[in-house]
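Colleague: Predicted model and sequence follow; I will ask about them next.
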Amino acid sequence: MQFAIWVATLAAAVMGAPDAAFAAEALPGGTMSLLWAVPFAGILLSIATGPLFFPHFWEHHYGKISAFWAALVILPMMAGFGFSTALGAVLHTILLEYMSFIILLFALFTISGGILVSGNIHGTPLVNSGLLLIGALMASVVGTTGASMILIRPIIRANDNRRHNAHVIVFFIFLVSNIGGSLTPLGDPPLFLGFLRGVDFFWTTTHLLPEMLFVGGIVLALFFALDTWLYRREEARPPVADPTPDSRVRIRGLVNLPLLVGVIAAILMSGMWKPGIDITIHGVHVELQNLLRDIIIVGLAIVSLVVSRKDYREANGFNWEPIREVAKLFAGIFVCIIPVIAILQAGLEGAFAPLVSLVTGPGGAPNDLAYFWLTGILSSFLDNAPTYLVFFEMAGGDPQVLMTTLARTLTAISAGAVFMGANTYIGNAPNFMVYAIARSQGIAMPSFFGYMLWSGAVLIPVFLLTGFIFFT
């Protein structure tokens, strides 16, 4: 409710002001201090600590917290740079980036929620590895959130008679909720932000494929070896009664598959069709192809709600709270990152000069290994989508240059954001959702720091090897 009031107030201000007042004026990033980054750090730290340390308060007030941090950006911008400059910057971010971002997540969440995998199979090491492989491949098509929500319950059912099954969920988070989403903008939110900034749809497919196969292949092989060892230990002990006996596996709600294809087609259309027509909303130019893409995607999500069976969604545990939370929090994030990006665009002349120098080698060339690790480390503890955006801007922010001359730099940023979002429960949105579902099903999941022991033992050595091979 608070979020709706905030948006309504902003909209009223926009509609009630003269058109001429909304010329998009650039923020003077070179003269802005690090204090402008406090709201951005504040909202990310709130997201990181809220669900863990004060979950009840967070559950009821996260929208207010998001609006609070956003207000700490908007009001000082209005006071310091004028109403026109501040509102122009906010409108540019909301209309050109946030709306498309949240519309895609909403559609993938809604459509995938209508697909039900029913029945049960026995969770042998080979079966589990096959499910993780399928989920990882699905993640780049329906998104890490969609793939996680479709497959988490089937893989829990398959292993609910195993004495040791928490490791299956941990590797599920590694592969399905993170690493597998690295091949298209549909896969993971940071890559879709790159697409909105001008990165070609299939650029990530061609440039991250070697890294994804390398990292994903090693992690999957490690899982198979560990699961095989644990499975053989269990075979020597009395069997556990299976609460969900094996039964025929069926995929229901297949009517949603063409709708997912429609989402992909709409995104490809917006990247290929350039009619040169735009709609100006108080100084912000919204291109026709992007507006049409978003309308089509929303329409496909609505169609899914109409044609999908209600009992399928209920069996998936489908509800609107996860996407509602993401919408409120990311509205705040997108606003709070505005001054951060302005400072980063100033490069060595801005307040983030020490950070910029860390990723800059001799002669001003980018240090790709530093980009990989810095993006990855921050993506582990903050959210990987805004972290990607920060380093995208730090590398120059020009998609044409980043896709060609600095292709390895953009690959390093993309790989760091997507892969290392798996390092903690809070690195990527699906991580905590999967954790919560697994715990609710009685699986003894590791704690926040216990999970980090898993990621430190499995993922960090793989990432060290990845950085050495691909980014040095």
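Modeller: Arrived safely.

Colleague: Give me the neighbour count for residue 59.
Modeller: By other Cβ atoms under 10 Å, 12 other residues sit near residue 59. Glycine gets a C-beta too; all of them are placed from N, C-alpha and C.

Colleague: can you check residue 320 too?
Modeller: For residue 320, using other Cβ under 10 Å, the count is 12.

Colleague: go on, residue 437?
Modeller: 18.

Colleague: Then the one 10 residues further on?
Modeller: Residue 447 is flanked by 10 other residues according to other Cβ under 10 Å.

Colleague: Please report how far it lies from residue 171.
Modeller: Look at residue 447 and residue 171: by Cβ to Cβ, to the nearest Å, they are 17 Å apart.

Colleague: Pull the contacting residues for residue 73.
Modeller: For residue 73, the contacting residues are 36, 39, 40, 335, 336, 338, 339, by Cβ atoms under 8 Å, 6 or more residues apart in numbering.

Colleague: Could you pick out the buried ones from the residues you listed?
Modeller: Neighbour-count burial (16 or more other Cβ atoms under 10 Å) is assigned, among these, to 36, 39, 40, 335, 336, 338, 339.

Colleague: who does residue 251 bridge with?
Modeller: residue 117 (DSSP bridges).

Colleague: got a list of what it touches?
Modeller: Neighbours of residue 251 in contact, by Cβ under 8 Å, 6+ apart: 115, 116, 117, 118.

Colleague: quick one: which of those is nearest to residue 133?
Modeller: residue 117 (15.0 Å; Cβ to Cβ).

Colleague: So the closest one sits against residue 151, correct?
Modeller: Yes - if you go by Cβ atoms under 8 Å, residue 117 and residue 151 touch, sitting 6.7 Å apart.

Colleague: Neighbour count for those two, which is higher?
Modeller: residue 151 (24 against 20).

Colleague: So what does the more buried one look like in phi/psi?
Modeller: Backbone torsions of residue 151, given as degrees, to the nearest 10, read phi -100, psi -10.

Colleague: Identify the residue nearest it in space, chain neighbours excluded?
Modeller: residue 135 (4.6 Å; Cβ to Cβ, 6 or more residues apart in numbering).

Colleague: check which helix or strand covers the one you found.
Modeller: Secondary structure assignment for residue 135, by DSSP states H and E: helix 125-158.

Colleague: Quick check: what element follows that helix along the chain?
Modeller: helix 166-175.

Colleague: what about that following helix, distance to the chain center?
Modeller: 18 Å (Cα atoms, centre = their mean, to the nearest Å).

Colleague: buried residues in that helix?
Modeller: 166, 167, 168, 169, 170, 171, 172, 173, 174, 175.

Colleague: same check, this time on stretch 334-348
Modeller: Judged by neighbour count (16+ other Cβ under 10 Å), stretch 334-348 contains these buried residues: 334-347.

Colleague: Name all residues that make contact with the spatially closest residue to residue 203 that is not a sequence neighbour.
Modeller: Leaving aside its chain neighbours, residue 203 sits nearest to residue 403 (5.5 Å; criterion: Cβ to Cβ, 6+ apart). Residue 403 sits next to 199, 200, 203, 410 when contact means Cβ under 8 Å, 6+ apart.
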